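**Q** What follows is a protein structure lacking sequence information:
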């Protein structure tokens, strides 16, 4: 999913760091920023069905990767600590 070439990352990271993501941002503020990025990438006014599908596919891929890389390890740790409810 987010596995782009290593040489591309510093340029993108520098741009993201300029935003100075504060921990205090609300979910609404993060939602706004991500929505604006998507709208700049695929403006709905000029888009076709395939563009809408690209946006949805991107969001689903991000969701799936987040579950695999962040949520699943957290859940596995909690299951080991507290026991499996399905056992």
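**A** Yep, it's here. Note that the structure is a prediction, hence the values are computed from the model and not measured.
**Q** for this protein, longest helix please?
**A** Using DSSP state H, we find that the single longest helix of the chain is helix 49-66.
**Q** So for that one, mean pLDDT?
**A** What helix 49-66 shows for mean pLDDT is 94.
**Q** Now do the helix or strand following it: distance to the chain's middle.
**A** Note on helix 49-66: by DSSP states H and E, the next helix or strand toward the C-terminus is helix 72-82. Averaged C-alpha coordinates place helix 72-82 at 22 Å from its chain's average position (CA atoms, centre = their mean, to the nearest Å).
**Q** Distance-wise, check the most centrally placed residue in the chain relative to residue 37.
**A** For the chain, residue 62 is the residue whose C-alpha lies nearest the centre (CA atoms, centre = their mean; 4.6 Å). Note on residue 62: its distance to residue 37, by CB to CB, to the nearest Å, is 12 Å. All C-beta atoms are positioned from the backbone trio N, CA, C, and that covers glycine.
**Q** same deal with residue 4?
**A** Taking CB to CB, one finds residue 4 at 15 Å from residue 37.
**Q** start to end distance for stretch 36-46?
**A** Counting by CA to CA, to the nearest Å, you get 15 Å between the two ends of stretch 36-46.
**Q** What is the longest helix of the chain packed up against?
**A** helix 27-41 (3 or more CB pairs under 8 Å, 6 or more residues apart in numbering; DSSP states H and E).
**Q** try 7 Å
**A** Here helix 49-66 touches no other helix or strand, going by 3 or more CB pairs under 7 Å, 6 or more residues apart in numbering; DSSP states H and E.
**Q** Sketch out the low-pLDDT regions of the chain for me.
**A** Low-confidence segments of the chain (pLDDT under 70): 1.
**Q** how does it look with 80?
**A** 1-2, 20-24 (pLDDT under 80).
**Q** The longest helix of the chain to helix 72-82, inter-axis angle?
**A** 30 degrees (axes from the mean of the first three to the mean of the last three CA atoms, to 10 degrees).
**Q** And helix 49-66, what's buried?
**A** Buried residues in helix 49-66, counting neighbours by 16 or more other CB atoms under 10 Å, are absent.
**Q** gap between residue 64 and residue 55?
**A** The value you get for residue 64 to residue 55, if CB to CB is used, is 15 Å.
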